[in-house]
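Participant: have a look at this prediction, sequence included:
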Amino acid sequence: MDGAQGITLAAVGSHFFVGLSRAMILFIVTSGLSFVLGILRVPNIAHGSLYMIGAFCAYTFNKLFGGGTMGFLAALLLAPLVVALVSLIAERALFCRLYEREHLMLLLFTFALMLILDDLVKMIWGADYRSVMAPEFLRGSVNLFGSSFPRYNLFLLVVGPLVAVALWLFTNKTKMGKIARAAAVDREMVGAVGINVSWVFAFAFVLGCYLAGLGGALVAPTISITLGMDHDIVIEAFLIVTIGGLGNMAGAMVGSLIFGITQSFGVLFWPQFAIVFPYLAVVIILIIRPTGLLKSVW
Amino acid sequence: MKKIEFKITLILIALLSLIPLVLPRFYIYITATIFVTALLAMSLNLVVGHGGLYQFHHGVFYGVGAYVTALLILKAGMPFWAAFILAPIASTVTGFLIGWFCVRLSKLYYGMLQISLGSLIWAIAFRWYSLTGGDDGLHGVTIPDLISSTRNAYYFTFIVLLASLWILYAILRSPFGTTLQALRDNPERCEAIGINVRRHQLAAVVIATFFAGVAGALFVVIEQSVFPDLLFWVLSLEVFIMCLLGGWFTFAGPILGAAIMVSLRTFVGTYTEYWTLVLGIILILLIFFLPEGVMGFFLERLGKPRSRQNGNDKAGASVGSR
């Protein structure tokens, strides 16, 4: 354990905050996946691809609007909308015809969608690395408890809870949200009271994919955008959903925090095997609490 | 096996053993790759199609088989044949350990726990540079002269595949196999008549992982190298898709699925770099037009009852006989 000598309180603090901001990205992506999983009961394997499209669109819009604050805000607004549009088309044209089918066929469909979307991204943006600059007011770092902390990560720490609150308000206070929750529990009953279940599903799918796109747009300034970035996030999101409880939004938050923070402390304590730690955490949780930490909607 | 099926099987075996004599080297290599992939898909289908378990990360056991073979030869200096026997055993042990935790859960949770446990193994292989070569993998594994030429490697994989298929077929026809299918169709009822559901599922996982390990060792025979992608979840999913694609309620469906996937990747891949796009479109067409899988479709055309109903009848019979 080479990294172990230089661990100071400041390093622990800064890794904690980096983990926390990573958890916010994970939460936004995972909540979308969890929403789709809870209502449609389909593990959407293409979720990571939509996240990737979100990041690439953020790059394009940022460039189109000349970068800076304007470009950043445009990317943040428009990129998730493009992703939502893509998912709406896929859902209405193809996916909605499959709901009556064998469950694994739906899984197969989302896999096919992932293959198609990944290659479309390759066609449109190519295999190069891209990067997005954060706007002026989010660049640099601030001093936080004796360690410097990137401003953009601080911004993520604000956005994450905002999205969480918005989702909570939506699912608990609006009619549409309540219908969606009801459909998650008992779709036949929702249909029986005269609600068009097919459109509820479409709405849930698009909202879930919108969140994937939002996650992609938000992560864009912190990483290099490239093909293959979808592979890690989708598996992480699935594991987080599982440890948090399928379809449970609070569970998605708890799971993301566990995943993000163990990952970041892994970097601190044993950099070479940092990626092992979050998986280990997931394994331990699933062995102790096989159906996740919080209640699953299934 | 019915007479006509037996005849078709014999003709296929005869044709396939002629391939190295008539086709160029590249096609021999591709067919051998199909054999290895087919064995992997068949082993997965034992638990997915016949056992009804969501085995989402089967590739790990394949990767473990391949890595153990390569490591034993390169790092421990073992002779190939010893490694070839020990690798499937290593896969089986891994399968037992992972399966032991997983069978306590059901459906999606089973698959998820397996993915996280498998990803642990992947992460270790991916990062442990001094042992596994990290993301480069291990190359230049020495294979004995007897099976190192493309043609001999072909015959070797072919013979191992046939032997494995025969064993898998016998397992499925045995009381254990029929019990497994009964578990898939109605676990509650099986439990009620005193079948230990978890123990049967664990046994199926152990058997399947053994054959996945054999496939992994065969992979080293034809490629002479291993890399962490063998342990990555994308490969596992691809194999899962092969089972669905070929027809997961049939015995030979996964072989067909593997053949379709490998050929598509190889031949579409030579025309366009966007072969996964083509694969995705083909998959969607299949989902809409051949929901029973390719093999299921042909069997239906031949007027055979669907395998699933067959399975149900068998399940009913085995339940009744107890």
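Facilitator: Arrived safely, thanks for sending. If you're wondering where the values come from, they're calculated on a predicted model, not measured in any experiment. Numbering: from 1, shown residues only, chains lettered A, B, ... in the order given.
Participant: chain B: strands as residue ranges?
Facilitator: Assigned by DSSP state E, the strands in chain B fall at B:138-139, B:225-226.
Participant: adjacent strands (with direction) for the first one?
Facilitator: For strand B:138-139, the paired strands and their directions (DSSP bridges) are strand B:225-226 (antiparallel).
Participant: got the contact list for A:Ser147?
Facilitator: By CB atoms under 8 Å, 6 or more residues apart in numbering or on different chains, the contact set of A:Ser147 is A:10-11, A:13-14. In this view, the C-beta of every residue, glycine as well, is placed from N, C-alpha and C.
Participant: what is the neighbour count of B:Val22?
Facilitator: 9 (other CB atoms under 10 Å in any protein chain shown).
Participant: do B:Phe101 as well
Facilitator: Residues near B:Phe101, counting by other CB under 10 Å: 17.
Participant: that one contacts A:Ile287, doesn't it?
Facilitator: Yes - with contact defined as CB atoms under 8 Å, B:Phe101 reaches A:Ile287; the gap is 6.0 Å.
Participant: picking that back up, by mean pLDDT, show me the worst of the strands of chain B.
Facilitator: Per-stretch mean pLDDT for the strands of chain B is lowest at strand B:138-139 (a mean of 90).
Participant: could you find the closest non-adjacent residue to A:Phe27?
Facilitator: A:Ser256 (3.9 Å; CB to CB, 6 or more residues apart in numbering or on different chains).
Participant: so where's the stretch 151-298 of chain A shaky on pLDDT?
Facilitator: A:297-298 (pLDDT under 70).
Participant: hey, what's in contact with both of B:Phe101 and A:Ile287?
Facilitator: Shared contacts of B:Phe101 and A:Ile287, counting by CB under 8 Å, 6+ apart, come down to B:Leu113.
Participant: who in the stretch 151-298 of chain A is up against chain B?
Facilitator: A:231, A:235, A:238-239, A:242, A:246, A:272-273, A:275-276, A:279-280, A:282-283, A:286-287, A:290-292 (CB under 8 Å from any CB of the partner chain).
Participant: quick one: which of those sit in helices?
Facilitator: A:231, A:235, A:238-239, A:242, A:276, A:279-280, A:282-283, A:286-287 (DSSP state H).
Participant: farthest-separated two in the residues you listed?
Facilitator: A:His231 and A:Ile287 (25.3 Å; CB to CB).
Participant: between the two, which is the more surrounded one?
Facilitator: The neighbour comparison of A:His231 against A:Ile287 (other CB under 10 Å) goes to A:His231, with 17 against 14.
Participant: so who does that one touch?
Facilitator: A:48, B:232-234.
Participant: now render those residues as TSV, adding distance to B:Leu245, neighbour count and pLDDT.
Facilitator: Formatted as TSV, these follow (distance: CB to CB, whole Å; neighbours: other CB atoms under 10 Å in any protein chain shown; pLDDT from 0 to 100):
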residue	distance to B:Leu245	neighbour count	pLDDT
A:Gly48	21	28	93
B:Phe232	20	22	91
B:Trp233	18	22	88
B:Val234	16	15	87
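Participant: and the two most separated of the residues you listed?
Facilitator: Pairwise over these, using CB to CB, the maximum falls at A:Gly48 and B:Phe232, 13.3 Å.
Participant: the contacts of A:His231 in helices, which ones?
Facilitator: Using DSSP H, the contacts of A:His231 in helices are A:48, B:233-234.
Participant: would you map the strands across chain A?
Facilitator: A:141-144, A:147-150.
Participant: coming back round to it: which of the residues of the stretch 151-298 of chain A next to chain B are buried?
Facilitator: Among these, those classed as buried by 16 or more other CB atoms under 10 Å in any protein chain shown are A:231, A:235, A:238-239, A:242, A:246, A:272-273, A:275-276, A:279-280, A:282-283, A:286, A:290-292.
Participant: so where is chain B shaky, pLDDT-wise?
Facilitator: Along chain B, segments meeting pLDDT under 70 span B:1, B:303-322.
Participant: write out the residues of it neighbouring chain A.
Facilitator: B:101, B:104-105, B:108-109, B:112-113, B:115-117, B:119-120, B:123-124, B:126-129, B:232-234, B:237, B:241, B:244-245, B:248, B:273-274, B:276-277, B:279-281, B:283-284, B:287-288, B:291.
Participant: now the buried members of these.
Facilitator: In the residues of chain B next to chain A, the ones that pass as buried (16+ other CB under 10 Å) are B:101, B:104-105, B:108-109, B:112-113, B:115-117, B:119-120, B:123-124, B:126-127, B:232-233, B:237, B:241, B:244-245, B:248, B:274, B:276-277, B:279-280, B:283-284, B:287.
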